[in-house]
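Q: need a 3D model of the sequence below.
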Amino acid sequence: MIKPTYLLGIPFLLVLLVGQGQIIGQDMEGYKKLVCEGYAGGNQMTWESGLEGLKKLNKAKPSYSLQYEILLAEYGLIGFLLSKEKKDQASKQLEKTLSLANAFLKKYPDKGEFKAILGGLYGLKIGLSPVKGVYLGPRSLRYLGQATEMSPTHPLVWVELANAKYHTPSMFGGDMEKAQEYFKKGVELFEQQGSSDQNWLYLHAVVWEGKAHEELGQLGQAKSCYQKALRKHPNFVWVKEELLPQLQEK
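A: Presented below is the predicted three-dimensional model:
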């Protein structure tokens, strides 16, 4: 579950011309960077522009890597919309993304990361309608369990396990210590695999590890996580303007 709680008022400049009319963001890494900038800056327009760029690339030349990034960006966007109380928009996007996730899973049945995203999507569905948790909760956990068996070294799997432990009430299996542990595991895997740059989910994992520390009363560790996120992305608005100042008041 993705819950950034900030929004910049000034749109990111999407088109930067260099050389002979080349546009930054014409390759996958460029569009991933836009998505990451949208997350860190709290800018929906930038996030959606990166996502649309990824879709255009995939339409021209489909690949697993592009389809994974598209699904991940759509998933994160739903959480962002929920954090801004745009529930109708989030609900519509959620149904589209669920269909896309299921289609990709049929195409790549051995990819546990798609099952992890499905588990996360059902978690978001519960967030929109908590009464559905009775039957969607077990479905979400089943997907996460399968993802762990299929892709135990994929960082996204551990981040989704952490999200579930963080946001689930303790009476239904939530566990803040496990959440912190799993976020940390996800962060470590991102770093070991060299996939922490321009990666919004890496920033998410670092920050939510910090929030788990904060919930556990481990304020020094929380501060270290927030500072780490800022070292990675100095303009991370949520951390710079909210999380660190609030922590320093405690």
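Q: what is the burial count for the spatially closest residue to residue 39 that is not a sequence neighbour?
A: Spatial nearest neighbour of residue 39, chain neighbours left out: residue 200 (3.7 Å); criterion: CB to CB, 6 or more residues apart in numbering. For the C-beta atoms, the positions are set from N, CA and C on the backbone; glycine is no exception. By other CB atoms under 10 Å, 24 other residues sit near residue 200.
Q: how near is residue 200 to residue 169?
A: Look at residue 200 and residue 169: by CB to CB, to the nearest Å, they are 27 Å apart.
Q: so who does the residue nearest to residue 39 touch?
A: 35, 36, 38, 39, 40, 73, 76 (CB atoms under 8 Å, 6 or more residues apart in numbering).
Q: what about the strands in the protein?
A: Counting by DSSP state E, one finds strands in the chain at the ranges 17-18, 22-23.
Q: and the ones you listed, which one's lowest on average pLDDT?
A: By mean pLDDT, the lowest-scoring of the strands of the chain turns out to be strand 17-18, with a mean of 31.
Q: wouldn't residue 133 be in contact with residue 126 here?
A: Yes. Judged on CB atoms under 8 Å, residue 133 makes contact with residue 126 at a distance of 4.4 Å.
Q: who has more neighbours out of these two?
A: Ranked by neighbour count (other CB under 10 Å), residue 133 and residue 126 place residue 126 first, with 21 against 18.
Q: all helices for the protein, in order.
A: In the chain, the helices defined using DSSP state H lie at 28-41, 44-60, 64-83, 87-107, 112-128, 133-150, 155-167, 176-192, 200-215, 219-232, 237-238, 244-248.
Q: without its sequence neighbours, what residue ends up closest to residue 70?
A: Nearest residue to residue 70 in three dimensions, chain neighbours excluded: residue 54, at 4.9 Å (CB to CB, 6+ apart).
Q: neighbours of residue 86, how many?
A: Residue 86: 15 neighbours (other CB under 10 Å).
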